Structures are given as C-alpha cells and as structure tokens.
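Colleague: Compute the structure for the input listed below.
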Amino acid sequence: MGRQQWKKIWVGSAGNMVEWFDWFVYASFATYFAGSFFPSGNPTAQLMNTAGIFAVGFFMRPVGGWLLGRVGDRKGRKAALTLTVSLMSASAVLIAIAPTYGVAGYGGAAVLLVARLLQGLSVGGEYAASATYLTEASDADRRGFASSFQYVSMTAGQLLGLGLQIVLQRTMSDDTLHSWGWRIPFIIGALGAAVVFYLRRNMLETEVYAESSEGGVERADDKGTMKALWQHRRQAFLVVALTMGGTVAYYTYTTYLTKYLSNSAGLPKEAATLVSFCALFVFMCVQPLAGMLSDRIGRRPLLITFAVGSTFLTVPIMTLLQHAGSFWPALGLSLLALLIITGYTSINACVKAELFPTGIRALGVALPYALGNALFGGTAEYVALWFKNGGTESGYYWYVAGCAAVSLVVYLAMKETRDIDLNRVGAETGPPSAEAGAASPASGPAKTDAPLAS
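Modeller: Coordinates of the predicted model:
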C-alpha cells in the first residue's frame, strides 16, 4: 500500500475509534450509572431499563443509515464521515451533563434517550461510510486487510473505554463511580470527537468515488436514493442476512460480556472488566491477519468457519463461562468465542461494500446493515437480560446459536466477492439481475457483478 492509502486508512480508523469509544462506553459503564436515572430497587430491572435505551439507539440506526448513506453517495465519503463524528460528539456531551433521577426524575432518562438517539443516528451512518471508505481506499488485492481495520478501530475504541474503566475503578471508590465518576469517559469522548472532526475535515476522498460518474446507477441523480437501492434489493437483503448471526454474536461477547461475567458468572466487576479488556486486545490484533487471509483464500471460507463455530459452540462456551469462577478460565473461553467471531468481523465490511456499485454503495451497506443491527445486535443485550430475568438464561445461548445457523445457510449459498472490481460493479448492467461481471486486473478469474445467494 502507498503512503496516501495508509493515510486514508489511518484517518478513517481514528474517527471510527472515537465513534465506537462513545458507543461502547455507554454499555461498559451501564452498571455504574443505571441507578442514576431510574428508581432504586431491582438491579437487574435497572440494567434492563438502561439496556432498553441502549437498544433504542440501535433502532435509530436505520434512519442514520438512510440519511448519512445518502450523504456519502451524493456528497462523498468524506462529507458523511465528518457529519457522523459531529453528531457523536454532541451525544457524548448530552450524556455527560444529563441530570440524575434524584434531581430531575425521569427527565434525566429522557436526556439519556435523546443522546442515544443521536448516537444511533451517527453510528448508523458511520459503519457504512467507514466500511466504504476503507474498502475503496485500498488496493484491489488488499481490501480484506484494509477493511479489517474497521473492527481494529472499533475494538480499540472499546479497549480505551474498558481501560479507562479499569483506571477509574482503581483510583476512585465504588460510591464515587456510581455518583459522578461515570461521567468522565463521556467528557473524554466528546473531546476526542472534536479532534477527529479536524482530521476528517482534511482527509482525502477515495479515488473510486472521485472518478465515478453515475457510479453504476442508471442516472447521476439516482445516487444514494431509495430508487437505486431498490434496483439492488437482493444485495440489500443479503446484507441483512449476512449481518444477523455476526452481530448477535459480536455484541454478546463484547458489550454484554462484562455484565454477564459479573451478574451471571459471579466475577467481581474489576475481574470481569479485565477479562474483557485482555480478550478484546487479542481479538483486535488478529483482525488484520484474518483480513489478509481472506485476500488469499476468499471471504466465504472465513464466514463459514465463523458460522459453524458459533452454531455449535455457543451453548457450551456460554454454559462454561457461567461456571468459570475465576479470571483465567473466563479469559480462555472469552478468547475462544472472539476468535470464532473473527471470521465475520475481519471481513464483513468489505464483503458488504463489494456487493454494490459506487453510486449506491454507502446507502446499500448502511440501511440494510442498520436494519439487521437494530433487529438483532441492538436487542441482544436486552434479550439476554430478559431470559435471565425470566429464570431461563440458557435460552439466550440457543438464541445466539440459532441466529448463527441462519447466517450459515446464507454463507453457504452466496458467491465469492473477493475478485469483484469496485469500479465495475453494476457499471454495465445496473439492476441486480445481471449475470456478467468483470474482475480486477490484479485478481484472478472474472466473478459476477452482483454476488447473490444462489
């Protein structure tokens, strides 16, 4: 990769890191501020209320996916990425200053809800803009490697949040953290977003977008429109199906893991946080390796490996985690789960981006991905707590395995996307019914323009 390409990847990843720091800090600090916005009583009920607001943020993501995906296709990837980080900064400020239940009753929860809606709007567009930008900014034979930095940056953001939590846990009393200490990470997130806003204002546009005209849609005016997306509706459905199993598993072993280890496995909060931190650090490091592997052997083998592992190993892993009892067994099982998920996380950005032509790529990834995340990823933690509150916690393990099984069927049926030429996807044929395609000069035999489930 050239210097300019590395610069594009760095700037895109840095912004993504701050976006997901703010997004995940809500989840990782929920155990401390859940009691601040709701009446005292059942701690699990308080967490369910907080998780409910967390899930509501996900349901704003389709709106953000539509709005910011449209901006990305019509105004450029740079414009969309700059707008997303501005919205995220505003939401972090709102959470940092939100009044507690004791001060404003449910008014504080209302501010929290508004902030989460803004976060959902922002992240709904960030994923697609980042995925599209990182995929387009790389060489044709290194797209898997380059796009893997999306989850490197996402995980780095979460690690920063967890690392800050560890520091605060060791420098503040538990009462102080529950009282006001939990506000600190949201202040830091807002400041970080301001820095990234400056970086993104000076970032370079991708050559694929800059050189496109109609961008594979019928007319230039159709860029980023629902009309153009409807012409590629089968690819859009495929994105939802691709997302289902991966997003449920990902949020189970990332945002929900600390709470699960604390509430169900009985580990102290500090130990549960340290397990998550160590497991996520290893997970982050292996993403580029898996991305490089996909550039050599294709995307489907990694996706299938993830789905098989999640389908058949989720129940035993979650059951053993519940009885882990100490740091090392919990860490080993968490690492196993995250390594399995790597087959999805390392390449899902480029796989989805490779399905669409340039003129509809950002919206084509954003809206269906956001819908899939709202239905399955955003509700994962709430569903888990619902099963726990109902006394049938193991039912959630089967739910995760079932979602992975559905995605496995899709992975087995879909065609390979590695050798797609991003400049020619849909350029000759437009609608998804086309059969002909063109391969990148740097890659092997020609593949179809629209890789659909058979």
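Colleague: just checking, Ser310 touches Ala249?
Modeller: Yes. Look at Ser310 against Ala249 with C-beta atoms under 8 Å: they come within range, at 5.0 Å. Every C-beta, even on glycine, is put in place using the N, C-alpha and C of the backbone.
Colleague: which residues are common contacts for these two?
Modeller: Here Ser310 and Ala249 have Ile340, Ile341, Val400, Ala404 as joint contacts, going by C-beta atoms under 8 Å, 6 or more residues apart in numbering.
Colleague: And the third one, how far from Gly309?
Modeller: So the one you mean is Val400. Relative to Gly309, Val400 is positioned 12 Å away (C-beta to C-beta, to the nearest Å).
Colleague: More neighbours: which of the two?
Modeller: Using other C-beta atoms under 10 Å, the more surrounded residue of Val400 and Gly309 is Val400, with 26 against 22.
Colleague: how about stretch 157-169: buried residues?
Modeller: Within stretch 157-169, the residues scored as buried using 16 or more other C-beta atoms under 10 Å are Gly157, Gln158, Leu159, Leu160, Gly161, Leu162, Leu164, Gln165, Leu168, Gln169.
Colleague: Just confirm the second one is within a helix.
Modeller: This means Gln158. Yes. With DSSP: H, G, I helix; E, B strand; the rest coil as the criterion, Gln158 is located in a helix.
Colleague: For it, which non-adjacent residue is spatially closest?
Modeller: Among residues not flanking Gln158 along the chain, Phe24 sits closest, at 4.2 Å (C-beta to C-beta, 6 or more residues apart in numbering).
Colleague: Check the third one too.
Modeller: In this structure, Leu159 finds its nearest non-sequential neighbour in Leu280, 5.5 Å apart by C-beta to C-beta, 6+ apart.
Colleague: check contacts around the one you found.
Modeller: Neighbour list for Leu280: Thr155, Gln158, Leu159, Leu162, Thr254, Leu338 [criterion: C-beta under 8 Å, 6+ apart].
Colleague: show me what contacts the residue nearest to Gln158?
Modeller: Gly157, Gln158, Gly161, Thr254, Thr255.
Colleague: right, and the second one touches Ser28 too?
Modeller: Okay, so that is Gln158. Yes. Contact criterion C-beta under 8 Å: Gln158 and Ser28 qualify, at 7.3 Å.
Colleague: follow-up on the earlier one: reformat the contacts of Phe24 as TSV; add distance to Ala349.
Modeller: Formatted as TSV, the contacts of Phe24 follow (distance: C-beta to C-beta, whole Å):
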residue	distance to Ala349
Gly157	15
Gln158	17
Gly161	21
Thr254	16
Thr255	19
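Colleague: right, and out of those residues, which lies closest to Ala110?
Modeller: For the contacts of Phe24, the minimum distance to Ala110 (C-beta to C-beta) is 22.7 Å, reached by Thr255.
Colleague: name the element Ser13 belongs to?
Modeller: Ser13 belongs to helix 3-28 when assigned by DSSP states H and E.
Colleague: Would you mind listing the buried residues in that helix?
Modeller: The neighbour-count check on helix 3-28 (16+ other C-beta under 10 Å) flags 5, 8-9, 11-28 as buried.
Colleague: what do you get for stretch 302-322?
Modeller: Those would be 302-311, 313-314, 317-318, 321-322, for stretch 302-322 by 16+ other C-beta under 10 Å.
Colleague: Show me the shaky parts of this structure.
Modeller: Applying pLDDT under 70 to the chain flags the ranges 1-2, 39-47, 54-55, 213-220, 426-454.
Colleague: got the contact list for Gln4?
Modeller: Applying C-beta under 8 Å, 6+ apart to Gln4 gives the contacts Leu204.
Colleague: Met244 now?
Modeller: Neighbouring residues of Met244 by C-beta under 8 Å, 6+ apart: Gly372, Leu375, Phe376, Cys403, Val406, Ser407.
Colleague: The third one: what's its closest spatial neighbour, skipping adjacent residues?
Modeller: With sequence-adjacent residues excluded and distances taken as C-beta to C-beta, 6+ apart, Phe376 is closest to Val248, at 4.8 Å.
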